[in-house]
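1. below are the sequence and a predicted model; questions follow.
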Amino acid sequence: MDFMKFLPYLIVMAGVTYLVRMIPFVLMKKKIENRFINSFLYYVPYTVLAAMTFPAILYATGSLVSAIAGLLVAILIAFRGKGLLIVAIGACAAVFVTEIIMMLI
């Protein structure tokens with residue numbers, strides 16, 4: 001793709017990205033005091049992150065079985081209150097062990 005075709009795409013993308021970030025600052029002059037809206041806005045980043053990463057978890061390994069094993073181990077470790085590094089190491093270990101067991105069977 002040459003530069004003259006790419007430039008309009010770049011300008012539109014930059015404009016849309018800027019508008020999405022700028023419009024809330026322009027429209028909201030005062031502090032939001034509604035408890036429901038504050039709660040909603042507090043959880044939006046976590047929800048978006050989960051929606052983006054969950055499908056990737058299921059397709060990141062060699063098989064769906066090992067992906068589900070890693071997901072379940074990660075959930076179990078996270079519910080026990082461990083940190084992100086421990087959760088990631090546990091999930092990777094579960095996937096690794098499951099893949100080895102599946103090769104042997």
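-> Perfect, I can see it now.
2. the spatially most central residue of the chain is in what secondary structure piece?
-> The centre of the chain sits closest to residue 49, judged by C-alpha atoms, centre = their mean, with a distance of 2.8 Å. Element membership of residue 49 [criterion: DSSP states H and E] is helix 35-59.
3. tell me what angle the next helix or strand after that helix forms with helix 35-59.
-> Counting by DSSP H and E, the element after helix 35-59 in chain order, helix or strand, is helix 64-79. In terms of direction (axes from the mean of the first three to the mean of the last three C-alpha atoms, to 10 degrees), helix 64-79 departs from helix 35-59 by 140 degrees.
4. list of residues touching the following helix or strand past helix 64-79?
-> Next along the chain after helix 64-79, taking DSSP H and E as the criterion, comes helix 84-104. Helix 84-104 is contacted from outside by 61-63, 65-67, 69-74, 77-78, 82, using C-beta atoms under 8 Å, 6 or more residues apart in numbering. Yep, even glycine has a C-beta here, placed from its N, CA and C like the rest.
5. buried residues, stretch 87-95. List them.
-> Neighbour counts using 16 or more other C-beta atoms under 10 Å place 87, 90, 91, 94, 95 of stretch 87-95 among the buried residues.
6. how far away is the second one from residue 3?
-> Spelled out, that is residue 90. 48 Å (C-beta to C-beta, to the nearest Å).
7. related to what we said a few turns ago, now distance to residue 16 too, for the buried residues of stretch 87-95, in a markdown table please.
-> Compiled in a markdown table, the buried residues of stretch 87-95 are given as follows (distance: C-beta to C-beta, whole Å):
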| residue | distance to residue 16 |
| --- | --- |
| 87 | 35 |
| 90 | 39 |
| 91 | 35 |
| 94 | 40 |
| 95 | 37 |
